[in-house]
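Engineer: One predicted model, sequence on top.
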Amino acid sequence: MNDKLKKELMWAIAVVVVLVGSATVNYVYVVGHEYDIARPANSPIPPNSTVIQVIGAQWSWTFVYPNGTKSVDALTLQVNHTYTLMVSSQDVIHDLLIPQMGVQVYAVPGHNNTVSFEPTKVGTYYFECVEYCGEDHYLMRGFLTVVS
Ligand SMILES: [Cu+2]
């Protein structure tokens, strides 16, 4: 076997080792975090979940809790409880992103999109609109507070 062939083989094996290594890391991460990641949008609503209505509007997010209480640009949830956000819009298309909850869902006028998730850690997390929706789009953000 000449040097050129050896080098080529070595590089081919190195690439395979890197790919298999990163695939393994990914697989272990996904399996270990299965329940931290929100269910895909519009999955069946889990029977034990609390449904919160979310209305996007230029340029704020309004949350309506089951008892009728409303809050603007602030969402408070209990840890280790399942929630379903029922998201719509009253004007243009928005897109709610709560990165630490694995939630991203479009807010479409006249249509409800649902997403369910369970916060597993107490803390404060940000959320924001990630669909350009007008001049004050950048103001369309707030905080999710997870309490015990
Ligand atoms: Cu926006």
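Structural biologist: Received the coordinates, thanks.
Engineer: what's whatever helix or strand residue 144 lives in packed up against?
Structural biologist: Element membership of residue 144 [criterion: DSSP states H and E] is strand 141-147. On a contact count with 3 or more CB pairs under 8 Å, 6 or more residues apart in numbering; DSSP states H and E, strand 141-147 meets strand 74-78, strand 123-129. Every C-beta, even on glycine, is put in place using the N, C-alpha and C of the backbone.
Engineer: strand partners of the first one, parallel vs antiparallel please.
Structural biologist: Right, strand 74-78. When pairing is defined by DSSP bridges, strand 74-78 lines up against strand 141-147 (parallel).
Engineer: Pull out the buried residues from the partner strand.
Structural biologist: Buried residues in strand 141-147, defined by neighbour count with 16 or more other CB atoms under 10 Å: 141, 142, 144, 146.
Engineer: Stretch 101-109 now?
Structural biologist: Neighbour-count burial for stretch 101-109 flags 101, 103, 104, 105, 106, 107, 108 (criterion: 16+ other CB under 10 Å).
Engineer: Okay, the last one and the ion: tell me how far apart.
Structural biologist: Looking back up the chat, that one is residue 108. Separation of residue 108 from the ion (CB to the ion, to the nearest Å): 13 Å.
Engineer: May I have the beta-bridge partners of that residue?
Structural biologist: Beta-bridge partners for residue 108, by DSSP bridges, are residue 111.
Engineer: thought it was touching residue 88?
Structural biologist: Yes: using CB atoms under 8 Å, residue 108 is in contact with residue 88, at 6.6 Å.
Engineer: so the strand holding residue 144 versus strand 123-129, what angle?
Structural biologist: Orientation check (axes from the mean of the first three to the mean of the last three CA atoms, to 10 degrees): strand 141-147 against strand 123-129 gives 150 degrees.
Engineer: which residues sit against strand 141-147?
Structural biologist: 61, 72-79, 98, 101, 119, 121-129 (CB atoms under 8 Å, 6 or more residues apart in numbering).
Engineer: Flag every residue of this protein that's near the ion.
Structural biologist: When proximity is defined as CB under 5 Å from the ion, the chain approaches the ion at 94, 129, 133, 137, 140.
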